[in-house]
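Trainee: Turn this into a structure:
(2 chains)
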Amino acid sequence: MAKQKSLKEEFTKGIVKENPVLRLVLGTCPTLATTTSMESAIGMGISAAIVLVCSNIVISALRKVIPQKVRIPCYIVVIASFVTIVQLLVKAFVPSLDQQLGVYLPLIVVNCIILGRAEAFAGKNGIVASAVDGLGMGIGFTCALIVISAIRELLGAGSLLGHGILPFPAMTIFILAPGGFFVFGLVMACANKLAEAGGGKKAELGGCKACPMASSCEKLAKGEDCEKEKEAVK
Amino acid sequence: MSQENKLLTVSASPHRRTEDTTGGIMIDVVIALMPALVLSVVLFGLRSLLVTAVSVIACVVLEYICRKVMKRNNTLGDFSAVVTGILLAFNLPSTMPLWMVVIGDAVAIVVVKQFFGGIGQNFVNPALVGRIVLMTSFPTYINNFAEPFAWRQPEVDAITSATPLAQFAGNYSQQGVITAMNSSQMPTLTEMFFGIYGGCLGETCAAALILGGVYLCIRKVISPRIPLYYLGTVALIMLIAGRGNLQFVLYQLLSGGLMLGAIFMATDYTTSPIKTKGKIIFAVGCGIITSLIRIYGSLPEGVSFSIILMNILVPHIETITTPRPFGAVREKKVKEEAAK
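Mentor: Model prediction:
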């Protein structure tokens, strides 16, 4: 990496400026699925954060041992071990949460945020920096889930953390999928505004650099742009 | 400017403009909706006028605030917010709590219309999305239909009645249809035509809606194609589903939001195709989806969903019905010839 960031920066970037859900738009599936109630959102956020920190530490420690060509399977094996540990712990100590999260708890294995951080950060940086990065990203993910779920649960079920507080009938649509997308979009817009106000990069769509394959794209390395080629074909 | 310069002034076409304005068209639609509103007040009492008034005022105020906040020009003069307000109110029962009506207006005007750029930019019908959001959010309130003329007996708190479609729902077998039509709760066809049965405040009276539709056709605001093909498709499918029972077909055509939807919602300029062929595809699609939801769906009524679904398909319908310019060769043919 060209610029060295301080540990504090590594920690705080995950909360708003590079928030995994709201700014990097990773892990949208668990975000939409588990934010129907605050309880499951907090459970999901904390479980994912624990897995993220642990897998970041181990992957960072093993980064010189893991061969470049098979790194993704290796990362997944590491992540899957930690997910299994967390899943068994949740099953043993908070079975109600396990029932609420259902299939989304084992699905943390394929959560883009965790794999993304392993690929983009832990595979290239030291153990301490990776742990701090994982913690920041995990807290950012949890905060985003809590904000979205608070809005959805309050408007959709009239309650917060299961305690009914709205005196009038709630709008059920907010705990259904369309309401989830709607709240997600609005919260994302607010986060973009916040991050831009704090001097962050403007969120941009498209362009070859935004492509997930950007780091391994030969064309991009040569300075070619596949989007432009597509237009030329038309 | 001297006389010489004036003579040489050249302007780009068009040189003659039509007298029609968006505002004028919208006022025509409002006029066409008035008979249904008057009948609704007769049937369901002043409460339906109140719901409509609140809905219109909320739409206009929200549109004004939205344009102001987004720093765009004021578009209240085109009266489209008024039409959206009336149409949404027509899709709600007269017993609807007023704050829920305002939420529906907010969804229609702010989310569906202004977020996408205002009049002419919305990709689905704003009033229908408002109704669908309210329907999924407050199902018990939106199915709380007042009995016609119940307002004349103030001592009775609220009489709710099952709509004709609710009696057909889930029972479209030959025997089920006959039982439903012979049941004592089912209104007669004359009552159905004049709207004397429970339902949303503006949708029950087919006579008033058809009157409005004829007015719009005469004023050339809408072409009769979409309503006729829409109703025709539903009639045809119901004729098959009812094994040739004409009475059943008439019940299906007159009940629910079909008339309101076919005449006033499916014909919305922004969300319906421009070309004749496209209009026919659009209307037939609406009819098929409506009938399928009514017969096989878990909901008794499918007009709003069918129109929204076809709204989303409109850009694709436009693409496949684009007429070929005279003398132009199809792209496929050019490619085939090049291959040879």
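Trainee: Using the three-state scheme, assign residue B:273.
Mentor: Assigned with DSSP: H, G, I helix; E, B strand; the rest coil, residue B:273 falls in the coil class.
Trainee: Can you pull the domain assignment for chain A?
Mentor: Residue ranges for the domains of chain A, per automatic domain parsing: A:7-202, A:204-234.
Trainee: quick one, which of those domains is nearest to chain B?
Mentor: domain A:7-202 (3.7 Å; Cβ to the nearest Cβ). For every residue, glycine as well, the C-beta is placed using N, CA and C.
Trainee: Please give me every residue in contact with residue 38.
Mentor: If you meant another chain, say so; for now it's chain A. A:146, A:149, A:150, A:153, A:160, A:161, A:162 (Cβ atoms under 8 Å, 6 or more residues apart in numbering or on different chains).
Trainee: that answer is for a different chain, and I need it for chain B
Mentor: residue B:208.
Trainee: Find the helix or strand that it is a member of.
Mentor: For residue B:38, the host element (DSSP states H and E) is helix B:22-44.
Trainee: List the buried residues in that helix.
Mentor: Neighbour-count burial for helix B:22-44 flags B:25-30, B:32-33, B:35-37, B:39-44 (criterion: 16 or more other Cβ atoms under 10 Å in any protein chain shown).
Trainee: try stretch A:161-170
Mentor: For stretch A:161-170, by 16+ other Cβ under 10 Å, it's residue A:170.
Trainee: Could you save the domains of chain A as TSV and add columns showing mean pLDDT?
Mentor: Formatted as TSV, these follow (pLDDT from 0 to 100):
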stretch	mean pLDDT
domain A:7-202	87
domain A:204-234	55
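Trainee: ranking these by burial, who's on top?
Mentor: Among the domains of chain A, domain A:7-202 has the highest mean neighbour count (mean count of other Cβ atoms under 10 Å in any protein chain shown), at a mean of 18.
Trainee: just to revisit the earlier point, which among the buried residues of helix B:22-44 are in contact with chain A?
Mentor: Among the buried residues of helix B:22-44, not one lies near chain A by Cβ under 8 Å from any Cβ of the partner chain.
Trainee: by contact count, what packs against the helix ranked longest in chain A?
Mentor: When chain A is parsed with DSSP state H, its longest helix is helix A:127-157. Judged by 3 or more Cβ pairs under 8 Å, 6 or more residues apart in numbering or on different chains; DSSP states H and E, the packing partners of helix A:127-157 are helix A:7-12, helix A:28-34, helix A:38-61, helix A:112-117, strand A:159-160, helix A:177-197.
Trainee: So residue B:69 versus chain A, what's the distance?
Mentor: Per Cβ to the nearest Cβ, to the nearest Å, residue B:69 is found 14 Å from chain A.
Trainee: And for that residue, the neighbour number?
Mentor: By other Cβ atoms under 10 Å in any protein chain shown, the residues close to residue B:69 number 10.
Trainee: residues touching it, list them.
Mentor: Going by Cβ under 8 Å, 6+ apart, the list of residues near residue B:69 is empty.
Trainee: for residue A:31, same thing?
Mentor: Residue A:31 sits next to A:21, A:144, A:145, A:148, A:184 when contact means Cβ under 8 Å, 6+ apart.
Trainee: tell me the two of the residues you listed that are most distant?
Mentor: Farthest apart among these by Cβ to Cβ are A:145 and A:184. That separation is 10.5 Å.
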